[in-house]
Structures are given as C-alpha cells and as structure tokens.
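Undergrad: After the sequence you'll find the predicted model.
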Protein chains: 2
Amino acid sequence: MRVEIWTDIACPWCYVGKARFDKALEAFPHRDQVEVVHRSFELDPGRAKDDVQPVISMLTKKYGMSEAQAQAGEENLGAQAAAEGLAYRTRDRDHGNTFDMHRLLHFAKEQGRQDELIQILYRANFADERSVFSEGHERLVELAVAAGLDADAARTVLADPTAYADDVRADEREAAELGANGVPFFVLDRKYGVSGAQPTELFAQALTQAWGERPPLQLIDKGDAEACGPDGCAVPQP
Amino acid sequence: MRVEIWTDIACPWCYVGKARFDKALEAFPHRDQVEVVHRSFELDPGRAKDDVQPVISMLTKKYGMSEAQAQAGEENLGAQAAAEGLAYRTRDRDHGNTFDMHRLLHFAKEQGRQDELIQILYRANFADERSVFSEGHERLVELAVAAGLDADAARTVLADPTAYADDVRADEREAAELGANGVPFFVLDRKYGVSGAQPTELFAQALTQAWGERPPLQLIDKGDAEACGPDGCAVPQP
C-alpha cells in the first residue's frame, strides 16, 4: 500500500499531523508493506525568495490578525506539538519561500532519504533557533547532510533553480486535481483521502480501511502470453 | 499511476516483455505521471550460489528437454528479442542464482537507479559474452557502477547476505498473494494485472484502462481537522 502526503515545510499542522500519522503507522500490523511518499505543496508560492519575515508579522500582515491573536495561535500550535512529543518554538520563528526545500526533497526521494530529510526540515523550521530561510543554501546543505545526502550533490541541486522544479509543480498540479485545498493531505492508494492533522485514531482507521478494501487484481490479458515460471519458460504455440 | 513489475534477471520473457511495456509507456500521453517499480521474483530460488550452469544443460536437466529443443527455444527467444530491437546471445549463456542481483536492485531503488540497473543486468545476462553468474561480486559491482551506483556501497551490499534480503522476500510473498505464478507480472495501481510478455498494444490498452478508471478519491474524515491552506492555518474551535 502507498500513502502519499502533500505537505509544506512551513505548515505547522503538517509537522503535527505527520507525527500523528507516524504513530498510527507504527502500530499498523502491515506497516512493512506501506510506502510513504512526500509530495510538494506551497502555502505561500508567491513569496519572493529573499522575503523572510517573522511568523507573527507575516500572520498579522497576510491574514489581518492582531499580534495577540497570532501569538495565541503559535501557543496553541506549541501545545498540540508538545502533546505529540514534538519540540516547537512559539516565539521568533520566521517564514519564507519553501520552493528550494521542495526541490531538495525530490532529490532526497531519488536518493532514498526523503523521509529523513522532511523530519529534519520540520524540526529545523519549527524547533531550532537557527532559521531555515535566512542563512541561504548552505544551511539547507547542512540539513541535507544530516539526512544522509551528499553535500556537493545537494549544493548542485540548490544552485540550479530548474533542478526538480518540474517535479514540485507536478505534485502541486496533482494536489489540485485531487481536490486538496490545504495540507497536510494524505492519500492512500489513490483511493482514500484524509485531510488535515486528524487524530492518530483516524489515521489508524484509514490505514485499516484502505488495507482491507484493496481490490482484487483484475487481469487484463489477451490470452496466454510468453512467461517464465518455476517450471520453465513457456513458448505458446502459434 | 504506479506500475509494479515482478521479474527475474534470469527470465528471458521479462527482458522481452519489459521492452514491449517500455514502448507502450513511451507512447502513453500521461507517461510523466507513471512511476515504474521493479519487484523481485526468483525463478530458481533453490539453486546454490555456486551452481552455475550453461543454459542448455540447465534446460535439459531441469525440464527434461532434449538439447535440440532447448537450443530451438533459445533461437525462438533470440528472434523475439530481435523483433524488439534487443541483442540476445542464443549460444553459451549461463544460468545461476539471482538473489544477490535482486538485493542489489533494492539498493538501487533506494538510490533512484533501479530502472537503469535492471536494464544493465538484463543486457549483461542476455547479450554480453561475460557471465553475470560466474565472475563473483566484482562483476556485479562493475554493472552497478555502470548504472550510476557507488562501487564501495554496492560492494558492501553484496558482501552482506542479509542486506535487502527481507525486501526481496517481501516482494516474493506479495507476488504469491497477488496470484502471480510466473513472470513478468505487471500490476497497475494494484488494481489491474498483466501476466507475461504481452504485445505492446495490450500494455497500451492496460495503461489507458487503468488511467481512465482511477477511482475518485473518497475522503475519510471525522469532521474538520487542523490544516493550513493559502488562507492560513485554521484552528477549529473546540
């Protein structure tokens, strides 16, 4: 079974929702047969690459909240994160464009290190004192190395703005086609969708339901074709 | 959409079938949204690692064919391969255990190089003069490097007989669960199966059918949950 998760690194509910999903997956009896793929979704695609702002200012400017409302939201998120055992820095986080991180996540997918990298990026963005937005590419290279990627290869990907850019956009198009307006958005075997940081129990139920309802395979065959089996390679007669 | 292909490197119809499938995929309008994954299937899992035999002797001993029948089979395969533009050495090929190649293919999958490696292994086994069975691990390391893998990493995988062994066995269990008795066995989105080296037209039809019948996503939701969208991160009221 395959679970695809559309997320943004700048999305706190993705950070919390991933932890809830991971708990459900950890307890799922068929977890070894579940493949998890991370898909790209930018919450703020129009933000310029050099436009980095404190989260609180971003919230007040973009969404018209008061500073107190914005700070209360961060405290609420911090409490929900803590309930999942996640560190969360409720003050002085910043916000910026995540396109390069999504490109890097696609490179990490090719290298079998995507889940490692997304966990490291989440933690860096939501819990670390250092910014993932304002220190340039070398900060991301450092995080890529922590995820087991090669520093020079990561640097090359980051330096070329077209590298994996089409993959990011293809994911975003697919999200729209699947009807995802927000993230996290979980898709199980392209059949079931789960929207938002639902409780662990809901993820457990979704995994069980999707697993139980896997359809029996329908064979599309035009009569026998040449194949090999334990009894040898058959050659059908003309 | 995802296509999983159960194959064995020692399976000539897998070599031919993969070329036919690739032609259908090349012409498929949504090919950029099709992911291909190779799954392990051993035709001859009981064969000892050091038991390497000429293909003709293996066929006469294992399947009770005459030498002339076995050679005629190879000539037939050579002709079918040629029809797909594939080189095929009809004389003096050998046969052996493929478990280490399957382990290496799982490593290659993690590195994003699985399709490259399987093409190189097929070609080495079916067209090259040199054996993939009798020259030990260094021959496979050489082929891994040709597929873009790191030599030392490939050597480490090959030297540890437990590395990726569970992945190979998990694929083989899944093949049995899906009802595959022989290979190649193609599975589209875990919904449609195609058995054997079918004609390119049949693969084209299967891709079109599986694409057209992708089910609409069913949402499994317990009311709204916390999510972030272009309009911000919502916090539902208790």
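TA: Perfect, thanks for sending it.

Undergrad: quick one: low-confidence parts of chain A?
TA: Within chain A, the stretches with pLDDT under 70 are A:222-223, A:235-238.

Undergrad: ok, now with 50
TA: Chain A contains residues with pLDDT under 50 at A:237-238.

Undergrad: show me where it has strands.
TA: A:2-7, A:35-40, A:53-54, A:94-95, A:185-188, A:192-195, A:218-219, A:227-229, A:232-234 (DSSP state E).

Undergrad: Show me where chain A has its helices.
TA: Assigned by DSSP state H, the helices in chain A fall at A:12-27, A:55-63, A:67-83, A:99-110, A:114-126, A:137-146, A:151-159, A:165-177, A:200-212.

Undergrad: would you turn these into JSON lines with mean neighbour count and distance to chain B?
TA: Bear in mind the C-beta positions are built from the backbone N, C-alpha and C, glycine included. Output for the helices of chain A, formatted as JSON lines (neighbours: other CB atoms under 10 Å in any protein chain shown; distance: least, CB to the nearest CB, whole Å):
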{"stretch": "helix A:12-27", "mean neighbour count": "22", "distance to chain B": "4"}
{"stretch": "helix A:55-63", "mean neighbour count": "17", "distance to chain B": "5"}
{"stretch": "helix A:67-83", "mean neighbour count": "16", "distance to chain B": "6"}
{"stretch": "helix A:99-110", "mean neighbour count": "23", "distance to chain B": "3"}
{"stretch": "helix A:114-126", "mean neighbour count": "21", "distance to chain B": "10"}
{"stretch": "helix A:137-146", "mean neighbour count": "18", "distance to chain B": "15"}
{"stretch": "helix A:151-159", "mean neighbour count": "16", "distance to chain B": "11"}
{"stretch": "helix A:165-177", "mean neighbour count": "16", "distance to chain B": "7"}
{"stretch": "helix A:200-212", "mean neighbour count": "18", "distance to chain B": "5"}
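
Undergrad: if you compare the strands of chain A, which one is most tucked away?
TA: Neighbour counts (mean count of other CB atoms under 10 Å in any protein chain shown) averaged over each of those peak at strand A:185-188, with a mean of 25.

Undergrad: For that strand, name the packing helices and strands.
TA: Contact here means 3 or more CB pairs under 8 Å, 6 or more residues apart in numbering or on different chains; DSSP states H and E; on that basis strand A:185-188 packs against strand A:2-7, strand A:192-195, helix A:200-212.

Undergrad: show me what contacts the nearest residue to A:L207 once chain neighbours are set aside?
TA: The shortest distance from A:L207 to any non-neighbouring residue, by CB to CB, 6 or more residues apart in numbering or on different chains, is to A:F28 (4.9 Å). A:F28 makes contacts with A:34, A:204, A:207-208, A:211, as judged by CB atoms under 8 Å, 6 or more residues apart in numbering or on different chains.

Undergrad: now A:R113
TA: By CB under 8 Å, 6+ apart, the contact set of A:R113 is A:147-149.

Undergrad: quick one: it from B:G85, how far?
TA: A:R113 sits 36 Å away from B:G85, going by CB to CB, to the nearest Å.

Undergrad: again, but for A:L202
TA: Noted for A:L202: a distance of 51 Å to B:G85, by CB to CB.

Undergrad: Then A:R130?
TA: Distance of A:R130 to B:G85, computed by CB to CB: 54 Å.

Undergrad: can you check A:A83 too?
TA: Distance of A:A83 to B:G85, given as CB to CB: 59 Å.

Undergrad: can you check A:Q33 too?
TA: For A:Q33, the distance to B:G85 - CB to CB - is 36 Å.

Undergrad: So A:I220 is in contact with B:A204, correct?
TA: No. Using CB atoms under 8 Å, A:I220 is not in contact with B:A204; the gap is 11.0 Å.

Undergrad: picking up where we left off before, out of A:R130 and B:G85, name the residue with the larger neighbour count.
TA: Per other CB atoms under 10 Å in any protein chain shown, whichever of A:R130 and B:G85 has more neighbours is A:R130, with 11 against 8.

Undergrad: which residues does the more buried one contact?
TA: By CB under 8 Å, 6+ apart, the residues touching A:R130 are A:124, A:139.

Undergrad: do A:L104 as well
TA: A:117, A:140, A:144, A:154, A:157-158, A:164.

Undergrad: A:A227 too?
TA: Per CB under 8 Å, 6+ apart, neighbours of A:A227: A:233-234, B:13, B:17, B:182-185, B:195-197.

Undergrad: Tell me the one of those nearest B:F99?
TA: B:V183 (14.9 Å; CB to CB).

Undergrad: Chain neighbours aside, what residue packs nearest to that closest one?
TA: B:F41 (4.7 Å).

Undergrad: what's the spacing between the residue lying closest to A:P230 once chain neighbours are set aside and A:Q198?
TA: If the residues on either side of it in the chain are set aside, A:P230 comes closest to B:L43, at 6.5 Å by CB to CB, 6+ apart. For B:L43, the distance to A:Q198 equals 44 Å [CB to CB].

Undergrad: now swap in A:I118 and tell me
TA: Counting by CB to CB, the gap from A:I118 to A:Q198 is 18 Å.

Undergrad: Also A:I9?
TA: The separation that A:I9 has from A:Q198, given CB to CB, amounts to 20 Å.

Undergrad: before we move on, back to that, which of the strands of chain A sits closest to B:D171?
TA: With CB to CB as the measure, strand A:35-40 is the member of the strands of chain A nearest B:D171 (12.3 Å).

Undergrad: Note down every partner strand of that closest one and its orientation.
TA: Applying DSSP bridges, strand A:35-40 is found paired with strand A:2-7 (parallel).

Undergrad: any idea how far the strand it pairs with is from the chain center?
TA: Relative to its chain's centre, strand A:2-7 lies at 6 Å (CA atoms, centre = their mean, to the nearest Å).

Undergrad: got the angle for it vs helix A:114-126?
TA: Per axes from the mean of the first three to the mean of the last three CA atoms, to 10 degrees, the angle that strand A:2-7 makes with helix A:114-126 is 20 degrees.

Undergrad: Between helix A:99-110 and strand A:2-7, find me the angle.
TA: Put simply, strand A:2-7 runs at 160 degrees to helix A:99-110, going by the same axes, to 10 degrees.

Undergrad: ok, and what's touching strand A:2-7?
TA: A:14, A:18, A:21, A:25, A:34-41, A:118, A:171, A:175, A:180, A:183-190, A:207, B:2.

Undergrad: how about the CA coordinates for that strand, as PDB?
TA: Presented in PDB, the C-alpha positions along strand A:2-7 are these (Å, rounded to 0.1, in the frame of the first residue of the first chain):
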ATOM      1  CA  ARG A   2       1.200   3.500  -0.700                       C
ATOM      2  CA  VAL A   3       0.500   6.700   1.300                       C
ATOM      3  CA  GLU A   4       1.300  10.000  -0.300                       C
ATOM      4  CA  ILE A   5       1.400  13.000   1.900                       C
ATOM      5  CA  TRP A   6       1.100  16.500   0.500                       C
ATOM      6  CA  THR A   7       2.800  19.000   2.800                       C
END
